[in-house]
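Novice: Sequence first, then the predicted structure:
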Amino acid sequence: MSEQPEKTFIQNIMVKVPIWAVAALGIWFGAGKAGFPIWWQIEFVVFSFYALCFFILLDLPALKPEKGQGTATLRLFVTYGFASILFIGITKNLPQFNPEVELEKLNRPPVNLASLAGPEVIAAGREVFEENKCFNCHKVFWEGNSDRGPNLGTKQIGLYPEDYIKEQILEPRVKQSPGFDDPKSKKAMPTYYGEDLDDDQMAALVAYLKTLRDPEHVPVEGKFGAQWTWWDDQTIVSEGQKVFEGLEPNTEGLNCAVCHGKEGIPLMSGALDFRDANKMDTEKMADRLDGVPLKEWPDALWYKRVTRGVDGTPMAPWGMVFGHLYLWKAEAYAKTFHNPLPPEGRATKYPVPPIPTKEDVERWTKDGLFLDPLL
C-alpha cells in the first residue's frame, strides 16, 4: 500500500480551520447555554484557537533529520518558544486580575446618602450592584454576563415597591421569581447581603433598581429561552382583574369596570370596548395610532393610554395617581376580553419583545415617559 503524501502547509490550514470554526461555534453557544459569562465564552473560544495553532504546528511537513544534538536541542526550544509566545500573546489580551483595582474597591469610602443628590444616589447604587457581582447572574436589559437570575430590566423590577425589592435582596427564598423556582435557582441567590450592605448602600441599591422599567414593553418573566410576557401570565391576569374591578387595596379609588363594564360591556358613552378586537385608537389624541386595530396594539400604546389618559374624556392620566405595576396588570386583564386566556394557557403565546437598547432607555428618559416619582 502506497503512503499518503504529506499535506502542504496550505492544505493543512484548509482542512483544520473549517473544523475549528464549527467547533468554536459549538463551544460559544454551548457555554452560553450552560450559563457561563460572556468573558468565559470568549476565553473558551480563544483557547480553542490556541489548540488549532498547536495542531497545525504538529502537522507541518516533516523536517529533515537532525545532524546533531545541537540541532535537535534548537528545534526543541524553537517549538517550545513558539507555543509559549502563542499562549502568552493570547492570554495577555484576556481580562486580567488587577490588584490595584481591587484595592481601590476595598479602600473606597462607604456610601453616604446625606452628601449625594438623586442622580448620584442612583449612580452609587449601580456601583453597589457592580461591586457585589450582581451582573454575574442578573442582566439589566442588554448588560450583564448571565441569565442565571431574572433580567431585572425586562422584568421591570423598578415597578415593584421598595419593601418587595429589599425582601428579594435580603430574603430571596421567601418569594421566588416566576420561572426560577427550581431547586438550583432557589439556592443561587446569596443570603448574606443583610450583613454585607449597610443602610445607605441598601438605599442606594434600591434607588438604582427602581430605575429599571420599560414604558414601551409589557414585563417579561422566566428564564431566557423559556420566557413569557404578562399578556400570557394567568397569575397576573387574575391580579389585574382585581385592579380592573376596583378590588385591589393598593389602588383604592381605581375602578375600570365603572366605565368599561365588569363583563367588558361599556357602561360609559365613548368608553373603549375591549371585546372589539378590531376597535381603532381614539381620534381625540394627536398621537393616535391610525389603522391599527386593538388586537395589534403595541405594548407602548396600552401603556400610554392608561398612564396618560385621553383628553376630554373620563379616561384620566391614571399613571399620575396609581402605581404602574398595577396598571400593567389591569391592562393584561383588559386584553383578555377580546383574547381570553385559557386556564392551561394559550397554545401560541405572545412573542417576547426585543431587549431595549441603551439608546431606547435614553430616549424614554428624555421624553419623560416614566411619570416619576409615582412608579
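Specialist: Great, that's in hand. Residues are numbered from 1 along each chain as shown.

Novice: So residue 181 versus residue 163, what's the distance?
Specialist: Using C-beta to C-beta, to the nearest Å, one obtains 21 Å as the distance from residue 181 to residue 163. From N, CA and C alone the C-beta is placed, and that goes for glycine too.

Novice: oh sorry, the question was meant for residue 56
Specialist: Remark: distance between residue 56 and residue 163 (C-beta to C-beta) = 60 Å.

Novice: Then residue 344?
Specialist: From residue 344 across to residue 163, the span is 33 Å (C-beta to C-beta).

Novice: If you count neighbours, what's buried in whichever strand or helix holds residue 163?
Specialist: Assigned by DSSP states H and E, residue 163 belongs to helix 162-170. If you call a residue buried by 16 or more other C-beta atoms under 10 Å, then helix 162-170 has these buried ones: 165, 166, 168, 169.

Novice: Same check on stretch 354-368?
Specialist: Buried, per 16+ other C-beta under 10 Å, within stretch 354-368: 355, 356, 360, 361, 364.

Novice: who are the neighbours in contact with the residue nearest to the second one when sequence neighbours are not counted?
Specialist: Think residue 356. Spatial nearest neighbour of residue 356, chain neighbours left out: residue 141 (5.3 Å); criterion: C-beta to C-beta, 6 or more residues apart in numbering. Shown in contact with residue 141 (C-beta atoms under 8 Å, 6 or more residues apart in numbering): 151, 153, 154, 212, 355, 356, 357, 358, 361.

Novice: and if you look at residue 239?
Specialist: Residues near residue 239 by C-beta under 8 Å, 6+ apart: 248, 329.

Novice: Let me know the next secondary structure element after the host helix or strand of it.
Specialist: Using DSSP H and E, residue 239 falls within helix 234-244. Sequence order places helix 257-260 as the next helix or strand after helix 234-244, per DSSP H and E.

Novice: any idea which helix or strand comes after that following helix?
Specialist: Next helix or strand after helix 257-260 toward the C-terminus (DSSP H and E): helix 299-308.

Novice: Any buried residues in that following helix, and which?
Specialist: Taking 16+ other C-beta under 10 Å as the neighbour-count basis, helix 299-308 is seen to contain the buried residues 299, 300, 301, 302, 303, 304, 305, 306, 307, 308.

Novice: Could you tell me how many residues sit around the nearest residue to the fifth one once chain neighbours are set aside?
Specialist: Meaning residue 303. Leaving aside its sequence neighbours, residue 303 sits nearest to residue 215 (C-beta to C-beta, 6+ apart; 5.5 Å). For residue 215, the neighbour count with other C-beta atoms under 10 Å is 22.

Novice: who are the neighbours in contact with residue 215?
Specialist: Contacts of residue 215 (C-beta under 8 Å, 6+ apart): 300, 303, 304, 307, 364, 369, 370.

Novice: can you pull out the strands in the chain?
Specialist: 220-221, 228-229 (DSSP state E).

Novice: Please work out the average pLDDT along stretch 86-105.
Specialist: Over the span of stretch 86-105, the pLDDT mean works out to 67.

Novice: for stretch 172-181, same thing?
Specialist: Over the span of stretch 172-181, the pLDDT mean works out to 90.

Novice: now stretch 143-160
Specialist: Mean predicted confidence for stretch 143-160 is 91.
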